[in-house]
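Colleague: Pasted the sequence and its predicted model underneath.
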Amino acid sequence: MASETERLAGFLYEIGLLKRYKRTGWLVAGVNAPESIADHSFRTAVIASVLAALEGADPARAALLSLFHDSQETRLTDLPYLARPYVEKAPNEQVTEHQTRGLPEAVAALITGAVAEYEGKDSAEALCARDADKLECLIQAIEYREQGNRNTQPWIDSSLAQLQTPSAKRLAEQTQKTGSLAWLTQALNTPRNPEDLP
């Protein structure tokens, strides 16, 4: 039987699959080189921490929930919405329990607790993490649209419809008005020395 450390090493390799698995919804939309699940999870975690700070929740906890929100896709892959009516999927909590079986107790508790909290939708941090998932999808859809893909509007619309927190709704509205490279123009035009600021 494998030791806890051996199982943990295997888990870390398994999580690496998320760097290789592509987000299948973007393939359906005709995106040639879509983001990976890990790409999505990274920006989702950043957005979750920002939303949590704005909403008075714990940014670190919201980011943690986001990091593990799609970790089950190492085993389930990223099923597109089109497939979901035809496939009976195990609950994410069950998949996570299988993934973490045999890991050191503290690690297993950390991961299963994060996934259960995210799926439970009860805490402020879970709401921020769930909104971050939708807001990240919306931002990615805008970026793909700016790169010439005209098929991403349904992802923008569905993401907007699912946002819950006031901060996520405000950010969604602003991201639709702001081009994805507006930040670059601002950065280039911002004085580099604090004393040069107005």
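Modeller: Happy to help now that I have it. Numbering: from 1, shown residues only.
Colleague: going forward, measure contacts and count neighbours with C-alpha atoms only.
Modeller: Will do.
Colleague: packing partners for the biggest helix by length in the chain?
Modeller: When the chain is parsed with DSSP state H, its longest helix is helix 124-146. If contacts are counted by 3 or more CA pairs under 8 Å, 6 or more residues apart in numbering; DSSP states H and E, helix 124-146 sits against helix 37-55, helix 59-68, helix 105-120, helix 153-162, helix 166-177.
Colleague: what pLDDT, on average, does that helix get?
Modeller: When pLDDT is averaged along helix 124-146, the result is 98.
Colleague: and the angle for it with helix 166-177?
Modeller: 10 degrees (axes from the mean of the first three to the mean of the last three CA atoms, to 10 degrees).
Colleague: Restricting to C-alpha, output helix 124-146 in CSV.
Modeller: Below are the C-alpha coordinates for helix 124-146, written out as CSV (Å, rounded to 0.1, in the frame of the first residue of the first chain):
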residue,chain,number,x,y,z
ALA,A,124,-19.5,34.8,1.8
GLU,A,125,-16.2,33.3,0.6
ALA,A,126,-18.1,30.6,-1.4
LEU,A,127,-20.3,33.3,-3.0
CYS,A,128,-17.3,35.3,-4.0
ALA,A,129,-15.5,32.2,-5.4
ARG,A,130,-18.6,31.2,-7.4
ASP,A,131,-19.0,34.7,-8.7
ALA,A,132,-15.3,34.8,-9.6
ASP,A,133,-15.8,31.6,-11.6
LYS,A,134,-18.5,33.3,-13.7
LEU,A,135,-16.7,36.7,-13.9
GLU,A,136,-13.5,35.0,-15.1
CYS,A,137,-15.5,33.2,-17.8
LEU,A,138,-17.1,36.5,-18.8
ILE,A,139,-13.7,38.2,-19.0
GLN,A,140,-12.2,35.4,-21.0
ALA,A,141,-15.2,35.5,-23.4
ILE,A,142,-14.6,39.2,-24.0
GLU,A,143,-10.9,38.5,-24.6
TYR,A,144,-11.7,35.8,-27.1
ARG,A,145,-14.2,38.1,-28.8
GLU,A,146,-11.6,40.8,-29.1
